[in-house]
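1. build me a structure from this.
(chains A and B)
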2 protein chains.
Amino acid sequence: MAEPSRIPLDRLPTPCLLLDEARLHANVAGMRAHLEGLGVTLRPHLKTAKSLDVARIAMASPSGPATVSTLLEAEYFAAGGVRDMIYAVGIAPAKLPRVAAIRAGGADLAVILDSLEQADAVAEHARASGDAVPVLIEVDADGHRSGVAPGDRDTLAAIGRRLAAGGAALRGVLLHAGDSYALSDPAALTAAAEAERVAAVTAADALRAAGLPCPVVSVGSTPTARFARDLTGITEVRAGVFMLGDLFQAGVGSVAVEDIALSVLATVIGHQRTKGWIVVDAGWMALSRDRGTARQAVDQGYGLVCDMAGRPYPDLIVRDANQEHGILALRSGSGAALPDLAVGAQVRILPNHACATGAQHDRYHILDEEGRVAAVWPRINGW
Amino acid sequence: MAEPSRIPLDRLPTPCLLLDEARLHANVAGMRAHLEGLGVTLRPHLKTAKSLDVARIAMASPSGPATVSTLLEAEYFAAGGVRDMIYAVGIAPAKLPRVAAIRAGGADLAVILDSLEQADAVAEHARASGDAVPVLIEVDADGHRSGVAPGDRDTLAAIGRRLAAGGAALRGVLLHAGDSYALSDPAALTAAAEAERVAAVTAADALRAAGLPCPVVSVGSTPTARFARDLTGITEVRAGVFMLGDLFQAGVGSVAVEDIALSVLATVIGHQRTKGWIVVDAGWMALSRDRGTARQAVDQGYGLVCDMAGRPYPDLIVRDANQEHGILALRSGSGAALPDLAVGAQVRILPNHACATGAQHDRYHILDEEGRVAAVWPRINGW
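-> Residues are numbered from 1 along each chain as shown, chains lettered A, B, ... in the order given. Now for the predicted structure:
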């Protein structure tokens, strides 16, 4: 007999976000074992899940370590007992008072930066406040975004010296190999992980050669974490999407479709039978506007459609989406049969991008092994 | 002297959402005058703004009429005094108890549908509850999504009869010419508006010819509302984006860039000077993943970058975006100079799509004529 507190999935109002707890645990265990084998610490990125319940599963201990992408996340997780965090977006000087308040509450929150101007601002803040704010210098792994070039020894050393002069604590270097998202060949992904490692070690060596400390050498992305074969010289790996998984990472090869823990529950609200369309009440507002798989070998539209047990229907994707409408249709050229889904039937849609889809929702409905809702976990959004 | 309660814009934490109140009022006044000239009522779609404060400016009276896209919107606006609403997404039978609860609270909430199955479910609900739920039959204006074909007189009449048999109230027909979003030529837009009108009148005539009532003939989209020249036979127009405006609608020609009332405030957090990149703290989480302008003549990237007074910098767009990083760069081939924006400088970014960008935020910071923050208006998300 079902426990009375467990709600059958088909009673949930739609659209809503589902999280398969067993898959989440397995994804975390897999990544942790992989990184332990390589001798490095996992510092999970909490920007994907933005949930204290998920964080406690992903982190090595209730106090961390962890990575965050906004100061609101830092405040939320600090209030939940997380004590070791990196705010992994380049610091704006105006945000330092908020960083200081989080640190004053007892959390060891580090910031990152990649310029002398930022280093001066942090040094001035440390001097004025007496708080030795820990800093990682962001290093550019592959040209995709921010960071000092790993071979720019002069800039790395100059930033380190200015931080030290003001009393800030130079803690190390941080990289994110974001270009790995464009890959799908395992050998190329392993090469990207190795390039990230070499860039990190090169930058760390530059600091040490200048007589500066570099205890932390932090790299990370779900693809490079998954495909790294050697992390000599690295102390920690940051990754976040791997916990939940998504179709984009499946296209890269970092996760299997069967491991994706996140889905959106939707209800059929109509048909255009001559066109082979099934219309559901999950549009881009519930799925997000993310179309990252459009650039991959398999374009998943706005998501891959599954039955209530989470098994994909052959070739059925969300072909188009309006704000509150998703149009389900078979892939072009498919010989599969359109499933017979009447008005009121429910489906589960795997997302292109867990970070983007999650952000459209304020809670997870946690699925147990029998597909019932065992709990509701809140998640945060905003800054 | 500045009033003490008005905050200078550059004191706001970033990223955050700004709303220019004067532009909002002007956009509403312009659409209202245009539709009054055509002899129809404006039933503003509140899915774009999702704010009671904005709704009260857009609606003819504090009690409506209005259009909503979720039952959470219906509940929120009903609690705020709105009494006349259409939930303009095809009804799922499982949602009828929630519709009934909103109606029992005193709001005249109508639903839409386009199938006999849905009509039977609503009729059964009306029979069982004694509540004559008002229904509009959704008609397919242009093949873009849901709806009965306007010439399918048999299906229209059959739906109407089944509703009437159960005691539901057939209120009329509803169309949305979504394909107009793909246009940009004024003559083609006027033709799309006329096609929407003809489809609506055709469907309404089919109901009346079958001896069924059709007091409401409801059409709408921002492009067709703007370009309609004759709305004979139409009773009301639904449109929502026009209030706030966005770059996509500017590409269509429905609004001018100078009229866009919504922007995202962001702070410069770094540079990649050799590449001509300025990195800001507004990524796709703050701007949304919407890349609708990629299909238009002018691709605005993830948004058009403006100075603090809201004037666009020549050719400066958000060329790429990560979750919390926006990369500002000049358009390809531009001869403009990259503005000198130091770390800590702020910019305002006009969004591709007001509905999508707004949904990433939980409040509007309301700008007065001097560019100070006069108020904070909450907005809702979710279902």
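2. just give the closest residue to residue A:156, not the sequence neighbours.
-> Distances taken as Cβ to Cβ, 6 or more residues apart in numbering or on different chains put residue A:206 closest to residue A:156, at 4.8 Å, once the chain neighbours are dropped. For the C-beta atoms, the positions are set from N, CA and C on the backbone; glycine is no exception.
3. residues contacting that neighbour?
-> A:150, A:151, A:152, A:153, A:156, A:157 (Cβ atoms under 8 Å, 6 or more residues apart in numbering or on different chains).
4. could you redo the last one with a cut-off of 7 Å?
-> Residues counted as contacts of residue A:206 (Cβ atoms under 7 Å, 6 or more residues apart in numbering or on different chains) are A:153, A:156, A:157.
5. quick check, the second one in a strand?
-> No: with DSSP: H, G, I helix; E, B strand; the rest coil as the criterion, residue A:156 is helix rather than part of a strand.
6. quick check: it vs residue B:31, distance?
-> Distance, residue A:156 to residue B:31, by Cβ to Cβ, to the nearest Å: 56 Å.
7. so which of the two has more stuff around it?
-> Each of residue A:156 and residue B:31 has its neighbours counted (other Cβ atoms under 10 Å in any protein chain shown); residue A:156 has more, 27 against 22.
8. wait, what's in contact with that one?
-> By Cβ under 7 Å, 6+ apart, the residues touching residue A:156 are A:137, A:148, A:203, A:206, A:207.
9. could you export these as a markdown table, including pLDDT, distance to residue A:38 and secondary structure?
-> Below are the contacts of residue A:156 laid out as a markdown table (pLDDT from 0 to 100; distance: Cβ to Cβ, whole Å; DSSP: H, G, I helix; E, B strand; the rest coil):
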| residue | pLDDT | distance to residue A:38 | secondary structure |
| --- | --- | --- | --- |
| A:137 | 98 | 23 | strand |
| A:148 | 98 | 25 | strand |
| A:203 | 98 | 19 | helix |
| A:206 | 98 | 23 | helix |
| A:207 | 98 | 23 | helix |
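10. out of the residues you listed, which is nearest to chain B?
-> Nearest to chain B among these is residue A:148, at 9.9 Å by Cβ to the nearest Cβ.
11. my guess is the closest one contacts residue A:114. True?
-> Yes: judged on Cβ atoms under 7 Å, residue A:148 makes contact with residue A:114 at a distance of 5.1 Å.
12. so for those two, which residue has more residues nearby?
-> residue A:114 (29 against 23).
13. against chain B, how distant is the more buried one?
-> Using Cβ to the nearest Cβ, to the nearest Å, residue A:114 is found at 6 Å from chain B.
14. list the contacts of the closest residue in space to that residue that isn't next to it in sequence.
-> Nearest non-adjacent residue to residue A:114, counting by Cβ to Cβ, 6+ apart: residue A:138, 4.3 Å away. For residue A:138, the contact set (Cβ under 7 Å, 6+ apart) comprises A:90, A:112, A:113, A:114, A:146, A:147, A:148, A:174.
15. that older thread, biggest separation within the contacts of residue A:156, which pair?
-> A:148 and A:207 (10.6 Å; Cβ to Cβ).
16. low-confidence stretches in chain A?
-> Scanning chain A for pLDDT under 70 picks out A:1-4.
17. and it, what are its domains?
-> Annotated domains of chain A cover A:21-244, A:257-378 [automatic domain parsing].
18. I'd like those as JSON lines, with distance to residue B:75 appended.
-> As requested, the domains of chain A are exported to JSON lines (distance: least, Cβ to Cβ, whole Å):
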{"stretch": "domain A:21-244", "distance to residue B:75": "25"}
{"stretch": "domain A:257-378", "distance to residue B:75": "15"}
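19. for those domains, which one sits closest to residue B:309?
-> Relative to residue B:309, the nearest member of the domains of chain A by Cβ to Cβ is domain A:21-244, separated by 19.6 Å.
20. which neighbours do residue A:148 and residue A:114 share?
-> Joint contacts of residue A:148 and residue A:114 (Cβ under 7 Å, 6+ apart) are A:137, A:138.
21. and for whatever residue of the stretch 51-200 of chain A ends up closest to chain B, the neighbour number?
-> In the stretch 51-200 of chain A, no residue comes nearer to chain B than residue A:90, which is 4.0 Å away by Cβ to the nearest Cβ. Residue A:90: 26 surrounding residues under other Cβ under 10 Å.
22. spatially nearest residue to it, not counting backbone neighbours?
-> Counting by Cβ to Cβ, 6+ apart, the residue nearest residue A:90 is residue B:269, at 4.0 Å.
23. contacts only, for the one you found.
-> With Cβ under 7 Å, 6+ apart as the criterion, the residues that contact residue B:269 are A:89, A:90, A:92, B:279, B:280, B:281, B:343.
24. quick check: it is in a helix.
-> No: with three-state DSSP as the criterion, residue B:269 is located in strand rather than a helix.
25. any idea how far it is from residue B:345?
-> Taken as Cβ to Cβ, the span from residue B:269 to residue B:345 is 10 Å.
26. for stretch A:22-35, buried residues please.
-> The neighbour-count check on stretch A:22-35 (16 or more other Cβ atoms under 10 Å in any protein chain shown) flags A:23, A:24, A:27, A:28, A:31, A:34, A:35 as buried.
27. just put those residues in a markdown table and tack on distance to chain B.
-> Below are the buried residues of stretch A:22-35 laid out as a markdown table (distance: Cβ to the nearest Cβ, whole Å):
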| residue | distance to chain B |
| --- | --- |
| A:23 | 22 |
| A:24 | 20 |
| A:27 | 19 |
| A:28 | 20 |
| A:31 | 19 |
| A:34 | 24 |
| A:35 | 22 |
